[in-house]
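[1] Sharing a model that was predicted from the sequence below.
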Amino acid sequence: MSSPEFTEKIHFLDISSKLPGYKQCWSPNTLKTRLLLNAKGIPYTEQYVSYPDIAPLLKSYGVTPNESGFTFTLPAIYHPETLKDVVPGGKVMTESIAIAHHLDKLYPSTAVQAFPEPKDQSEALWKDAEHHLRAIVFPAEQGKGFRLLMPRIPPILDDRGSEYFIRTRAATHPEHLSPLQWGSENPEDDWKAIRPSVLAYLKFHESTRSAAIAAGQAQEGPFLWGSKATMGDIYLASTLVWFRSAGEEMLDRFLAIGEKDERASRKSEGEEVWEKSPIRGVWEAFGKEGWLEAVGEPREIVHGDA
Ligand SMILES: N[C@@H](CCC(=O)N[C@@H](CS)C(=O)NCC(=O)O)C(=O)O
């Protein structure tokens, strides 16, 4: 890898949890940045920030509030050296996709690129993958996975983060229910509800992969573009770590969906069956490459003066 020389390493801001060691990183959003840093082999420093401290920290560096969604969000990177004329405040960049483009620009020759050439195609691929994954998890896309995941998040967060998460997420619920209560009475109903969208993702992944290999775009491999991991795969792996953070057994069950050896009582008549789930293939590859476990050096930045 030809690596540009910077005076300071890129500093990555993640959301804290009580999970141990490298597993502390649990958020599907911040993981998009962490896994990309790891896959590109970029040396970085890192800092975990508790939920209620995100907004004051970002504001102090002149980050502008988001127009939709949560006002101040992580992931973020602090790197005045390369952000001086790029973002308001010149020091901190937020938004995982903007960060991914920035990292590709700073490190254009690492084996993994979030958006390799042809860029219009790799961007379209990421959007397709995002669409399929959101349809599994997010209520705005009729995904039901949030019912399995959200009740499991407060217990893994640090105490202040947990209180903040419950309060702010309850405020977004039509009946102001705590996220601890967002699951169905019988979790089997929620697993049943996500099944069609997971199977749709498996088909999407498999057909995209086969087409990329057949077109000579990539060699044989588990990723959406065969041997070439891109942002779409990073989004998938981020979702899988989120499941693992909610409970190892949740990840095991998710990875088994659609597989030959999955418990028969969970399958429905006429479903396609895979020897090994294409999702498991991606998970194993991220593990084998060491992308799930790599962490940055600990470092703390103090508040800026914006
Ligand atoms: N589109 C953003 C989404 C980031 C996002 O929503 N992050 C959440 C964490 S999971 C956050 O920081 N929330 C702050 C809050 O809830 O106050 C991205 O991809 O960077």
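    Everything's here; your move.
[2] Point out where this protein drops to low pLDDT.
    1-3 (pLDDT under 70).
[3] again, only using 80
    1-4, 306 (pLDDT under 80).
[4] That one against the ligand: which residues are in contact?
    Residues of the chain lying close to the ligand (C-beta under 6 Å from any ligand atom) are 15, 27, 29, 51, 54, 69-70, 73-75, 95-96, 168. Quick note: C-beta positions are derived from backbone N, CA and C, even for glycine.
[5] For those, could you give me JSON lines that also reports secondary structure?
    Converted to JSON lines, the residues of the chain next to the ligand look like this (DSSP: H, G, I helix; E, B strand; the rest coil):
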{"residue": "I15", "secondary structure": "strand"}
{"residue": "S27", "secondary structure": "coil"}
{"residue": "N29", "secondary structure": "coil"}
{"residue": "Y51", "secondary structure": "helix"}
{"residue": "I54", "secondary structure": "helix"}
{"residue": "G69", "secondary structure": "coil"}
{"residue": "F70", "secondary structure": "coil"}
{"residue": "T73", "secondary structure": "coil"}
{"residue": "L74", "secondary structure": "coil"}
{"residue": "P75", "secondary structure": "coil"}
{"residue": "E95", "secondary structure": "coil"}
{"residue": "S96", "secondary structure": "helix"}
{"residue": "T168", "secondary structure": "helix"}
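[6] Which single one of the residues you listed is nearest to L255?
    The closest of the residues of the chain next to the ligand to L255 turns out to be S27 (C-beta to C-beta; 19.9 Å).
[7] Look up which residues are beta-bridged to the nearest residue to that closest one once chain neighbours are set aside.
    Nearest non-adjacent residue to S27, counting by C-beta to C-beta, 6 or more residues apart in numbering: I15, 4.8 Å away. Residues in a beta bridge with I15, per DSSP bridges, are V49.
[8] hang on, I15 packs against L74?
    Yes: at 5.4 Å, I15 counts as touching L74 under the criterion of C-beta atoms under 8 Å.
[9] any shared contact partners between the two?
    S27, T30, V49, I54 (C-beta atoms under 8 Å, 6 or more residues apart in numbering).
[10] from memory the last one sits against I15, does it?
    When you say that, I think you mean I54. Yes: I54 lies in contact with I15 (C-beta under 8 Å); the separation is 7.3 Å.
[11] That's all I had, so thanks and see you.
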